[in-house]
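[1] Here you go, sequence then predicted model.
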Amino acid sequence: MATEPPLPEELMLRMQHLKVIEGDLTERFIRGSGPGGQKINKTSSCVQLRHVPSGIEIKCQHSRSLAANRVKARSLVCDILEEREIKRRAARRAEAAKRRRQKRQPSRRQKKINVANKRRHGIKKRLRGRPGTEE
């Protein structure tokens, strides 16, 4: 097989930032599907890319070019990893905010409302006595 064209610099930097190592990727070239007739049946231009550490598996057949599909598949892996990282950060941020809200002292107004609710609840409980046993 001829030497593969290098990946774009921007994609390489993105992969480095996300710690995606080329050695962690398992790449297979398979025949595509869909419209295209005899050409699609003869060439293996679909790229199946698997990122072993995360278990992400991508099949990419966006263009007729094998080189373009290789770049697009790596880009899709990076997109998925970035999305996972964003979700993980958001969950961590939400958890920290929740802890802060739980530990926060209620305001004076809220304390006043809580006391009023407790009094109303106490009155309600006192009225639950047996009928006819008034003193």
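    Structure's in. What do you need?
[2] Which parts of the longest helix along the chain count as buried, going by neighbours?
    Using DSSP state H, we find that the single longest helix of the chain is helix 66-103. For helix 66-103, burial by neighbour count (16 or more other CB atoms under 10 Å) applies to 69-78, 81. All C-beta spots, glycine's among them, are computed from the backbone N, C-alpha and C.
[3] Now do the helix or strand containing residue 11: everything it contacts.
    Using DSSP states H and E, residue 11 sits in helix 9-17. Here helix 9-17 makes contact (CB atoms under 8 Å, 6 or more residues apart in numbering) with 7, 21-22, 71, 74-75, 78.
[4] can you give me the angle the very next helix or strand once past that helix makes with helix 66-103?
    Downstream of helix 9-17, the next assigned helix or strand under DSSP H and E is strand 25-30. Relative orientation of strand 25-30 versus helix 66-103 (axes from the mean of the first three to the mean of the last three CA atoms, to 10 degrees): 140 degrees.
[5] Show me what strand 25-30 is packed against.
    Other helices and strands packing on strand 25-30, by 3 or more CB pairs under 8 Å, 6 or more residues apart in numbering; DSSP states H and E, are strand 46-51, helix 66-103.
[6] following it, which helix or strand shows up next?
    helix 38-42.
[7] So for that following helix, what gets flagged as buried?
    residue 40.
[8] try stretch 7-24
    Buried residues in stretch 7-24, counting neighbours by 16+ other CB under 10 Å, are found at 7, 11, 14-15, 18, 20.
[9] what's the span of that stretch, first residue to last?
    From its first residue to its last, stretch 7-24 covers 16 Å (CA to CA, to the nearest Å).
[10] Quick check: residue 59 is in a helix.
    No - counting by DSSP: H, G, I helix; E, B strand; the rest coil, one finds residue 59 to be strand, located in no helix.
[11] Bridged to residue 58, which residues?
    Per DSSP bridges, residues listed as beta-bridge partners of residue 58: residue 49.
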